[in-house]
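1. Next comes the sequence, and after it the predicted model I'd like to discuss.
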Amino acid sequence: MDSTLLLVAVIIVVALVFDFINGFHDAANSVATVVSTRVLTPGQAVIWAAFFNFVAAFSFGTGVAKTVGQGMVRLEYVTPHVILAGLVGAIVWDLLTWWFGLPTSSSHALLGGYAGAAMAHVIRLKGFAHGLDAIVLSGWTKTVIFIVAAPLIGLVIAYVLMIVVYWTFRNSTPKRMDSHFRRLQLVSAALLSWSHGTNDAQKTMGIITGVLVSAGYLKRFDVPVPVILAAHAAIALGTLSGGWRIVRTMGSRLTRLKPRSGFCAETAAALSILLATELHLPVSTTHVTAGAISGVGSIQRFKAVRWGLARNILWAWVLTIPASAVAGWISLTLLSFLGA
């Protein structure tokens, strides 16, 4: 096995490890509400979520993968070592925030780590003034807009859905309402897991395809079928492993949920993610789900949402891209120091 092939193989393994970590880090998004409302046990919920993460494999094409792989960082500045350093930076930030129970975005950690490593590579080649030459500004503009827009869209849709639910069931008792929504929440949880799988797994596909192109194993950026299947399998297996620290934050500490509000939050989050996927944009399922949960909480009364905790989560969101970019930069520097 030649050195290039060995390096590519290592990077693909690391990318799938990231995808696995993404699965258990973001498992909270798919299962927190359905667990907190006691519709499913934690074990049942992760199996349910993992199944729909995997079956999303061929749902929405590979538009998000292409955006991540070639729409954020210029491919002429991408090397296998840049991709490896970016993955390491994303994994470091994901594990750090998972340990503290903060529901940050694995998606934005990946983008930040990738961009930070690419910028470090360009600076080594051309000097500090050319650091931004590695960045595709148009791709980042849309992504940054959706960092703000996605949770707001989820919040608004969830708020409107709660109004519709209360109006439709205005003559029903809360107990009767929840008897219906306990069953409906199985559907909304499946929809959220499906949307999570189709958007998030594509990010890893984009990274793997990028390394295959940069190493010369692919002539153009087309995602191979084995890469699609491997990415979805990894994220599904990661979901099966859980992520209960973040489940507690998302499912019970942010606001108290009932089956009816859990259904509205999951449906709103899923619709927001599917909109972004249709637009070929990588979006944070964590951001959207947190926004949707805040939306259903605030319909009862503004103070029903623990806005102090929401503020801490928001700070973690703001820091994700720059912190993971720094981690990616440091990772590439260490690889260079080690002679890579």
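-> Looks like it arrived, so ask away.

2. For the stretch 201-340 of the chain, give me the ranges with low pLDDT.
-> For the stretch 201-340 of the chain, the stretches flagged by pLDDT under 70 are 242-257, 299-317, 339-340.

3. pretty sure Ala9 is in a helix, no?
-> Yes. If the criterion is DSSP: H, G, I helix; E, B strand; the rest coil, then Ala9 is within a helix.

4. Could you check how far it is from Gly43?
-> Here the criterion is Cβ to Cβ, to the nearest Å. By it, Ala9 lies 34 Å from Gly43. Where you see a C-beta, it was placed from the backbone N, CA and C, and this is true even at glycine.

5. Okay, helices next: where are they in the stretch 1-150 of the chain?
-> With DSSP state H, counting those that start in this stretch as the criterion, the stretch 1-150 of the chain has helices at 3-36, 42-55, 63-70, 80-99, 106-126, 137-168.

6. most tightly surrounded among those?
-> Here the criterion is mean neighbour count by mean count of other Cβ atoms under 10 Å, and of the helices of the stretch 1-150 of the chain the winner is helix 106-126, at a mean of 26.

7. how big is the angle separating that one from helix 80-99?
-> Note on geometry: by axes from the mean of the first three to the mean of the last three Cα atoms, to 10 degrees, helix 106-126 and helix 80-99 are set 140 degrees apart in direction.

8. could you dump helix 106-126 to CSV, C-alpha only?
-> Taking C-alpha atoms only, helix 106-126 is exported to CSV below (Å, rounded to 0.1, in the frame of the first residue of the first chain):
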residue,chain,number,x,y,z
SER,A,106,-21.4,19.2,14.8
SER,A,107,-22.1,20.6,11.4
HIS,A,108,-20.6,24.0,12.1
ALA,A,109,-17.7,22.3,14.0
LEU,A,110,-16.9,20.4,10.8
LEU,A,111,-17.1,23.5,8.7
GLY,A,112,-15.0,25.5,11.1
GLY,A,113,-12.3,22.9,11.5
TYR,A,114,-12.1,22.4,7.7
ALA,A,115,-11.9,26.2,7.1
GLY,A,116,-9.3,26.7,9.8
ALA,A,117,-7.0,24.0,8.5
ALA,A,118,-7.3,25.3,4.9
MET,A,119,-6.5,28.8,6.0
ALA,A,120,-3.5,27.6,8.0
HIS,A,121,-2.3,25.8,4.8
VAL,A,122,-2.7,28.9,2.6
ILE,A,123,-0.8,31.1,5.2
ARG,A,124,2.1,28.6,5.2
LEU,A,125,2.2,28.8,1.4
LYS,A,126,1.5,32.5,0.7
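
9. how far out from the middle of the chain is it?
-> Centre-to-centre, helix 106-126 and its host chain are 18 Å apart (Cα atoms, centre = their mean, to the nearest Å).

10. and it, what other elements does it pack with?
-> Helix 106-126 is packed against helix 3-36, helix 63-70, helix 80-99, helix 137-168, helix 174-214, helix 307-337, with contacts defined by 3 or more Cβ pairs under 8 Å, 6 or more residues apart in numbering; DSSP states H and E.

11. who does the fourth one touch, helix- and strand-wise?
-> I take that to be helix 137-168. With contacts defined as 3+ Cβ pairs under 8 Å, 6+ apart, helix 137-168 has these neighbours: helix 106-126, helix 259-278, helix 285-298.

12. One more: the third one?
-> When contacts are defined as 3+ Cβ pairs under 8 Å, 6+ apart, helix 80-99 packs onto helix 3-36, helix 106-126, helix 174-214, helix 244-248, helix 307-337.

13. Which residues outside the next helix or strand after the third one are in contact with it?
-> Same thing as helix 174-214. In the C-terminal direction, the helix or strand that comes right after helix 174-214 (DSSP states H and E) is helix 225-240. Residues outside helix 225-240 that contact it (Cβ atoms under 8 Å, 6 or more residues apart in numbering): 16-17, 19-27, 30-31, 46-47, 49-51, 53-54, 56-58, 62, 193, 197, 200-202, 204-205, 208-209, 212.

14. and Val225, how many neighbours?
-> For Val225, the number of neighbouring residues by other Cβ atoms under 10 Å comes to 9.

15. Which residue, other than its chain neighbours, is closest to Phe54?
-> On the basis of Cβ to Cβ, 6 or more residues apart in numbering, the spatially nearest residue to Phe54 that is not a chain neighbour turns out to be Ala236, at 4.0 Å.
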